[in-house]
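In: the sequence and its predicted three-dimensional model are supplied below.
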Amino acid sequence: MASTLVSGGYHNCALTNAGRAYCWGYNVYGQLGDGTTTDHDFPAPVAGSETFKSLAGGSMMTCGLTAAGAAWCWGWNA
């Protein structure tokens, strides 16, 4: 079950109660965080084993903040 939903330019990400992030939508810059640039119509898990306490969606990127305070971002970084 999702506890948080954030939107970017043409993508969305959800954060589960367990802290796992799932993203879907446009992915040309890797903003879904699954290690590909393939668009997804349905939620796909963000790669890696990190869990997050919050997410933020940007135009073509997404960031997550871990419980330890580390920031992780994926997608367009120009």
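Out: Nice, thanks for sending it over.

In: and the helix or strand of the chain with the lowest mean pLDDT, what's buried?
Out: The weakest-scoring helix or strand in the chain, judged by mean pLDDT, DSSP states H and E, is strand 2-7 (a mean of 89). For strand 2-7, the neighbour count (16 or more other CB atoms under 10 Å) marks Val6 as buried. Yep, even glycine has a C-beta here, placed from its N, CA and C like the rest.

In: one more: stretch 17-36?
Out: Buried, per 16+ other CB under 10 Å, within stretch 17-36: 21-27, 29-34.

In: give me the neighbour count for Asn77.
Out: Number of residues near Asn77 (other CB atoms under 10 Å) recorded here: 9.

In: can you check Thr37 too?
Out: Applying other CB under 10 Å, we find 13 residues neighbouring Thr37.

In: same check, this time on Gly48
Out: Summarising burial for Gly48: neighbours were counted as other CB under 10 Å, giving 13.

In: ok, Met61 next?
Out: The number of residues near Met61, taken as other CB under 10 Å, comes to 20.

In: so what's the closest residue to it other than its chain neighbours up against?
Out: Nearest residue to Met61 in three dimensions, chain neighbours excluded: Gly75, at 3.2 Å (CB to CB, 6 or more residues apart in numbering). Gly75 makes contact with 8, 29-33, 58, 60-62, according to CB atoms under 8 Å, 6 or more residues apart in numbering.

In: looking at those residues, which are in strands?
Out: Under the assignment DSSP state E, the contacts of Gly75 contribute 61-62 to strands.

In: please consider this matter closed, and thank you.
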